[in-house]
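Chemist: Quick one, structure for this:
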Amino acid sequence: MAHGPQAGFKRWVYTTNHKDIGTMYLWFSFAMFFLGGCMALIIRAELFEPGLQIVQPEFFNQMTTMHGLIMVFGAVMPAFVGLANWMLPMMIGAPDMALPRMNNWSFWILPFAFAMLVSTLFMEGGAPNFGWTFYAPLSTEYAPPSVTFFIFAIHILGASSIMGAINIIATILNMRAPGMTLMKMPLFAWTWLITAYLLIAVMPVLAGVVTMMLMDIHFGTSFFNAAGGGDPVLFQHVFWFFGHPEVYIMILPAFGIISAIIPTFARKPLFGYSSMVYATASIAFLSFIVWAHHMFTVGMPIAGELFFMYATMLIAVPTGVKIFNWVSTMFRGSMTFETPMLFAVAFIILFAIGGFSGLMLAIAPADFQYHDTYFVVAHFHYVLVPGAIFSITAGVYYWLPKWTGHMYNETMGKVHFWLAFVGLNLTFFPMHFVGLAGMPRRIPDYALQFADFNQIASVGAFLFGAAQVVFLFNVVRTVMGGKKASEGVWDNAQGLEWTVPSPAPYHTFSTPPAVR
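Modeler: Numbering: from 1, shown residues only. Below you'll find the model as predicted:
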């Protein structure tokens, strides 16, 4: 039944085809991206000028919370899983994912989890209002009644992530084509293999911390209640032991996408393949031992501050290796700048800026000044928007001709890129300045001296939002039909002819023809 001709909705509900499931993940994440983006625009509209204009402080807090949760769990993670579903079987020469029915199940529980999460906006007491990090006791002692639905939603999407990760590991380890050793896989497969292990390691930690919250709220325990002998700082330790590897779950697959795109448009093989694999594994390992750099201000011993400071700085080394390898791949390459390459180059530059501000935040004494200011907001958005969102966008443009058989509109793609690039920098670069000057995050009002930079940031946010409408239009137009894509669509980009034929089929999109 799964692969026979199926009409309409039945095809999508029952499908076990990795391409259909990948498509559903991608459209779902796109919808969540727009929903989370609208919440961000409410935040930026309120912050356009000092004072309270549009929303009440309580609703502002609900928007900051829901924006973070939806973007992390609803937009970025499902998009990467969608790309993995589409591309991994083709990259490793497998007929489908290893566990197709579980694949279907892991997708279909997501819309119900997010419907439950978003429905909290309409409940008595309102939606969760305690930030996406849901620190206790704000999320236990002082939480609105809807927190129970939030906890259930987190459990469901955690189960989805674990099932997706098991499926990816089983597929990569058991279903590679004959002769394809692990060190011959495209880097996207490697980054997802490592990411899947991270997911399996940390999602149960998230489940544990929300279960402890549930017990504190409903069953009289005191895990995080100091009055009952508990410790609110314990919440931060357990949450960030999940939360920091989670940040790398949202960036490692991006490294794989960029490692496919840069060689294609530089017409050179990727520089330092094996060092890229080891660097990815090193980043994954180090991500587990730096969690408390989010907690420098809780009053930890000086030895703890030193350890977490140095361990955090150490992550810059394998990350620097990756950036060096990408730049070396481009060096003296025959580069052309189609839309995927523009997003990939912007990724490298802007992700490096996010990395440098991360190094600043890693310095414990400096972090006392930066903590909970807009400098932190600038830092993680410079990592996640160019890091995760730009790379997902680049991957969609890069693989869309392969998925649909049609070529997207290149001019519209470039308009999307430049609007997004300018909007992103207008939005988040001024946040470094207001943060260093002391503007606190998650507050709907601010002092007059921050007004100019906040106005610039708000204009940039709406520009970035407009860019995504162009993207949506371009994707829908391509899916509906358009100019036919050639067989080796990027081999002859911008009409350039190469003398070497394409390599083996499963490498067509990840290893470009070499230049002679």
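Chemist: C-alpha only now, for contacts and for neighbours.
Modeler: Noted.
Chemist: can you give me the helices in the stretch 151-300 of the chain?
Modeler: 187-218, 232-249, 252-266, 273-286 (DSSP state H, counting those that start in this stretch).
Chemist: So which elements touch the shortest one?
Modeler: This points to helix 273-286. On a contact count with 3 or more C-alpha pairs under 8 Å, 6 or more residues apart in numbering; DSSP states H and E, helix 273-286 meets helix 187-218, helix 232-249, helix 302-314, helix 316-330.
Chemist: roughly how far is that helix from the heart of the chain?
Modeler: Remark: helix 273-286 is offset 19 Å from the chain centroid, using C-alpha atoms, centre = their mean, to the nearest Å.
Chemist: mind starting the numbering at 36 from now?
Modeler: Fine by me, first position is 36 from now on; the one you just mentioned is helix 308-321.
Chemist: Helix 337-349 and that helix, what's the angle between them?
Modeler: Interaxial angle, helix 308-321 versus helix 337-349 (axes from the mean of the first three to the mean of the last three C-alpha atoms, to 10 degrees): 160 degrees.
Chemist: hey, C-alpha coordinates of helix 308-321 in PDB?
Modeler: Provided in PDB are the C-alpha atoms of helix 308-321 (Å, rounded to 0.1, in the frame of the first residue of the first chain):
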ATOM      1  CA  TYR A 308      37.900  15.600   4.300                       C
ATOM      2  CA  SER A 309      39.200  13.400   7.200                       C
ATOM      3  CA  SER A 310      40.000  16.400   9.300                       C
ATOM      4  CA  MET A 311      36.500  17.700   8.800                       C
ATOM      5  CA  VAL A 312      35.100  14.300  10.100                       C
ATOM      6  CA  TYR A 313      37.400  14.400  13.200                       C
ATOM      7  CA  ALA A 314      36.600  18.100  13.800                       C
ATOM      8  CA  THR A 315      32.900  17.300  13.800                       C
ATOM      9  CA  ALA A 316      33.400  14.400  16.200                       C
ATOM     10  CA  SER A 317      35.600  16.700  18.500                       C
ATOM     11  CA  ILE A 318      32.900  19.400  18.500                       C
ATOM     12  CA  ALA A 319      30.300  16.800  19.500                       C
ATOM     13  CA  PHE A 320      32.400  15.500  22.300                       C
ATOM     14  CA  LEU A 321      33.300  18.900  23.600                       C
END
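Chemist: measure residue 351 to residue 302 for me?
Modeler: 28 Å (C-alpha to C-alpha, to the nearest Å).
Chemist: Just want to know which of the two has more residues nearby.
Modeler: residue 302 (24 against 17; other C-alpha atoms under 10 Å).
Chemist: Pop out the phi and psi values for the more buried one.
Modeler: Taking degrees, to the nearest 10, you get phi 50, psi 40 for the backbone angles of residue 302.
Chemist: Verify the stated contact: it with residue 366.
Modeler: No. Residue 302 is beyond contact range of residue 366, at 10.6 Å (criterion: C-alpha atoms under 8 Å).
Chemist: show me the contacts for the residue nearest to residue 193 when sequence neighbours are not counted.
Modeler: Excluding the flanking residues, the one nearest residue 193 by C-alpha to C-alpha, 6 or more residues apart in numbering is residue 238, at 5.8 Å. Residues in contact with residue 238 (C-alpha atoms under 8 Å, 6 or more residues apart in numbering) are 193, 194, 196, 197, 277.
Chemist: what's the farthest-apart pair in those residues?
Modeler: Pairwise distances across those (C-alpha to C-alpha) peak at 14.4 Å, for the pair 194 and 277.
Chemist: Which of these two has more residues huddled nearby?
Modeler: Remark: of residue 194 and residue 277, residue 277 carries more neighbours, 25 against 19, as counted by other C-alpha under 10 Å.
Chemist: which stretches of the protein have low pLDDT?
Modeler: Scanning the chain with the threshold set as pLDDT under 70 gives 36-42, 527-551.
Chemist: One more pass at 50, please.
Modeler: The chain contains residues with pLDDT under 50 at 36-37, 529-551.
Chemist: Checking the residue nearest to residue 410 when sequence neighbours are not counted next. Helix, strand or coil?
Modeler: In space, and not counting its chain neighbours, residue 410 is closest to residue 470: 4.2 Å by C-alpha to C-alpha, 6+ apart. The three-state label given to residue 470 by DSSP: H, G, I helix; E, B strand; the rest coil is helix.
Chemist: my guess is residue 470 meets residue 404, correct?
Modeler: No. Residue 470 is beyond contact range of residue 404, at 9.2 Å (criterion: C-alpha under 8 Å).
Chemist: which of these two has more neighbours?
Modeler: residue 470 (22 against 16).
Chemist: could I have stretch 353-366 exported to CSV, CA atoms only?
Modeler: C-alpha atoms of stretch 353-366 as CSV (Å, rounded to 0.1, in the frame of the first residue of the first chain):
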residue,chain,number,x,y,z
PRO,A,353,37.9,22.3,15.6
THR,A,354,35.5,24.9,14.5
GLY,A,355,38.4,26.9,13.2
VAL,A,356,39.6,23.8,11.3
LYS,A,357,36.3,23.6,9.5
ILE,A,358,36.3,27.3,8.5
PHE,A,359,39.9,26.9,7.3
ASN,A,360,39.0,23.9,5.2
TRP,A,361,36.0,25.7,3.6
VAL,A,362,38.1,28.7,2.8
SER,A,363,40.9,26.5,1.5
THR,A,364,38.4,24.7,-0.8
MET,A,365,37.4,28.0,-2.3
PHE,A,366,41.0,29.2,-2.6
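Chemist: That stretch: which residues count as buried?
Modeler: Neighbour counts over stretch 353-366 (16 or more other C-alpha atoms under 10 Å) mark 353, 354, 356, 357, 358, 360, 361, 362, 364, 365 as buried.
Chemist: Residue 414 looks like it's in a strand, true?
Modeler: No. Residue 414: not assigned to a strand; according to three-state DSSP it is helix.
Chemist: Next up, the contacts around it.
Modeler: Applying C-alpha under 8 Å, 6+ apart, the residues near residue 414 are 389, 390, 392, 393, 467.
Chemist: what's the distance between it and residue 466?
Modeler: From residue 414 to residue 466 the distance is 9 Å (C-alpha to C-alpha).
Chemist: burial of the closest residue to residue 106 other than its chain neighbours, as a residue count?
Modeler: Among residues not flanking residue 106 along the chain, residue 71 sits closest, at 5.7 Å (C-alpha to C-alpha, 6+ apart). As a burial measure, residue 71 scores 22 neighbours (other C-alpha under 10 Å).
Chemist: cool, residue 352 as well?
Modeler: Residue 352 is flanked by 12 other residues according to other C-alpha under 10 Å.
Chemist: ok, back up a step: taking the contacts of residue 414, tell me the two that lie furthest apart.
Modeler: 390 and 467 (13.3 Å).
Chemist: And the helices in the stretch 436-551 of the chain, which stretches?
Modeler: Taking DSSP H, counting those that start in this stretch, the helices of the stretch 436-551 of the chain run over residues 445-471, 486-515.
Chemist: Which among those is found nearest to residue 208?
Modeler: helix 486-515 (32.4 Å).
Chemist: Could you list every helix and strand in contact with that closest one?
Modeler: helix 53-81, helix 445-471.
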